[in-house]
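Predicted structure and sequence below. I'll ask about it afterward.
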Amino acid sequence: MPHSDISLPRLIAHRGLSARAPENTLTAVREAKRAGCDWVELDVQLLGDGTPVIWHDNGVRRCSNSRGKLVKLTLDKARALDVGSWFHKDYAGERMATLEEMLALIGSLDMGLNLELKVNQGRSGQALVEAALPMALQALPADQLIVSCFDAQTLGAARALQRDAELLRIGLLYDKLPADWQRQAERLDAFSLHLNWRKLKKNNARTIKDAGYALFCYTPNDPVAFHPTWEWGVDGVISDDPSLFTHYLPDA
């Protein structure tokens, strides 16, 4: 059942403040808070030794000083990576964050978290849910956590782990809204839908809102181009730099 009476964030920092700091890092989250953003979106997946870490890609080449697949790394090897200097020399020495570390930081900053369960090819969504979800549910209040994923089977595992929709808010992630979205939302007792803003249609947005679900759009970074979309009933944006939107928010 939809839960439209809950307060929703207008602005969520995508992978932390990823326009100004290396994505999915502790520093990116601190920068988001410093910029006035109270919610962040982050990716979680498992290392080869089963440790849940905050990371997007299936490998480390793009966002570190090394290369290789995440599934091949132990925590010790992951800790040896520099995951900041690729972005800027000022961030040299930044280390990959574990989910445990990140949750502690978010809790200390009193922030909300949209945690995306990132199931890359060949990885187990069930294993990720079992490792990451109990930790997140224990660390953060229910109204400061949304768990999202592109994979419906993984979300099904999440809902099986916590069947109370008031205690676990599930977000359905889509690139383009499928015809059977409402059946999936009802089956998972979903809270929100998270859609690619460039592929969102006005009639679909209004259908989602009329059905009582929260609606978030990723990843708009041009507040002027996005501005008309607010009129469709969008609740919030997941942006690389949410501060750009401060003066372009719809009237409350």
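Everything's here; your move.

give the contact list for the residue sitting nearest the centre point of the chain.
By C-alpha atoms, centre = their mean, the mean C-alpha position of the chain lies nearest to residue 41, the distance being 3.3 Å. Counting by C-beta atoms under 8 Å, 6 or more residues apart in numbering, residue 41 touches 12, 13, 14, 15, 113, 114, 115, 116, 218, 238. Quick note: C-beta positions are derived from backbone N, CA and C, even for glycine.

hey, where'd the strands end up in the stretch 151-252 of the chain?
Secondary structure of the stretch 151-252 of the chain (DSSP state E, counting those that start in this stretch): strands located at 169-174, 192-196, 214-218, 236-239.

Run a quick neighbour tally on residue 172.
24 (other C-beta atoms under 10 Å).

My guess is it contacts residue 192. True?
Yes - contact criterion C-beta atoms under 8 Å: residue 172 and residue 192 qualify, at 7.3 Å.

what is in contact with these two at once?
Counting by C-beta under 8 Å, 6+ apart, the residues touching both residue 172 and residue 192 are residue 148.

Next, the buried residues of the longest helix belonging to the chain.
Determined from DSSP state H, the single longest helix within the chain is helix 125-139. Residues of helix 125-139 classed as buried by neighbour count (16 or more other C-beta atoms under 10 Å): 125-133, 135-137, 139.

Which per-residue confidence value corresponds to the nearest residue to residue 230 once chain neighbours are set aside?
The shortest distance from residue 230 to any non-neighbouring residue, by C-beta to C-beta, 6 or more residues apart in numbering, is to residue 250 (4.1 Å). Per-residue confidence (pLDDT) for residue 250: 87.
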